[in-house]
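> no sequence on hand, only this structure:
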């Protein structure tokens, strides 16, 4: 009996997942149709305009010959169709080139070669030694240390650098480069974060880069010291937007494919999250977020395109 209940529950779970996937697929198809609808209406308007023009010319030609009373049903239909599509096109005018919605899906994050991180500064009240909180004894074996971090934060202040380590781990062993974006505060501590990363054998194949105003450069102790006052303002949308455009331009020069790039916006502030998500619009670049509480999943954005003004005429 117990086995039968387990079997029924398993079948129910499978059916439930299948139903959810079916609903999601239908939703995606509907949103895609809504996005294409304004263009379909525009095409029909153009085609019907040609028919209506021929109908008008034919009607005027007949009337000019003196047979004013003659009537053509086909020509009347062409004119009515053009009028209908012209009205539809007018009410759909706001649906062209509008911002597109994006839905955050709890989906597995596929490992990528190039990761971008926003590095948060350590809290002033956090007691630490070279960036590691006092009381947290790291073994520099990644999976073991992640467990130690989970235990440590149950009775100690939150350590903001745990999430970047989790973010990097998610893309191993495929990961090749990590580009760090710092604020004017966290750039002072980036050497300490880098020292921690370099002690993990799991990260040995990664190269680390620092994005500073005007350039993206390889991280070393010598180069970072000269850049202490060259962090980004994490509260300035325009400045962060410039930073991300600079980074994308640099990636293109390096020959990085967009499908190999992931932007993690767990660190920083809310503005960084908005900019990180916005830079992925109409691109194959993805953005991810590491949950800061149990179960500490890594979530990525699933892009669904939809024009917001296609819900109905005149809305």
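That came in fine, so what should we check first? Note that the coordinates shown come from a computational prediction; the quantities given were computed from them, not determined experimentally.

> count of neighbours near residue 75?
Using other CB atoms under 10 Å as the criterion, residue 75 is surrounded by 18 other residues. Placement of C-beta: from N, CA and C, glycine included.

> who touches it in this structure?
Shown in contact with residue 75 (CB atoms under 8 Å, 6 or more residues apart in numbering): 55-56, 58-59.

> out of those residues, who's the most crowded?
residue 55 (21 neighbours).

> any idea which helix or strand carries the closest residue to it other than its chain neighbours?
In space, and not counting its chain neighbours, residue 55 is closest to residue 75: 3.6 Å by CB to CB, 6 or more residues apart in numbering. Mapping residue 75 onto the secondary structure by DSSP states H and E places it in helix 73-91.

> returning to that earlier point: now the two most distant members of the contacts of residue 75.
The most widely separated members of the contacts of residue 75, counting by CB to CB, are 56 and 58 (7.3 Å).

> so who does the residue lying closest to residue 84 once chain neighbours are set aside touch?
What sits nearest to residue 84 in space, not counting adjacent residues and going by CB to CB, 6+ apart, is residue 48, at 8.0 Å. Taking CB under 8 Å, 6+ apart as the criterion, residue 48 is in contact with 78, 81-82, 84-86.

> show me where the stretch 151-300 of the chain has its helices.
In chain order, the stretch 151-300 of the chain shows helices spanning 162-169, 190-198, 221-225, 237-254, 270-278, with DSSP state H, counting those that start in this stretch as the criterion.

> worst mean pLDDT among these?
When the helices of the stretch 151-300 of the chain are ranked by mean pLDDT, helix 221-225 comes last with a mean of 57.

> what number of residues lie near the residue nearest to residue 288 when sequence neighbours are not counted?
Closest residue to residue 288 apart from its sequence neighbours, by CB to CB, 6+ apart: residue 300 at 4.6 Å. When counting by other CB under 10 Å, one arrives at 21 neighbours for residue 300.

> what does the pLDDT read for residue 300?
What the model reports as pLDDT for residue 300 is 80.

> before we move on, what about residue 123?
88.

> repeat for residue 26
Residue 26 carries a pLDDT value of 72.

> spell out the secondary structure type for it.
Following DSSP: H, G, I helix; E, B strand; the rest coil, we place residue 26 in the helix state.

> next up, phi/psi of residue 233, please.
Backbone dihedrals for residue 233, given as degrees, to the nearest 10, come out at phi -80, psi 100.

> run a quick neighbour tally on the closest residue in space to it that isn't next to it in sequence.
Spatial nearest neighbour of residue 233, chain neighbours left out: residue 239 (4.9 Å); criterion: CB to CB, 6+ apart. Neighbour count of residue 239, defined by other CB under 10 Å: 14.
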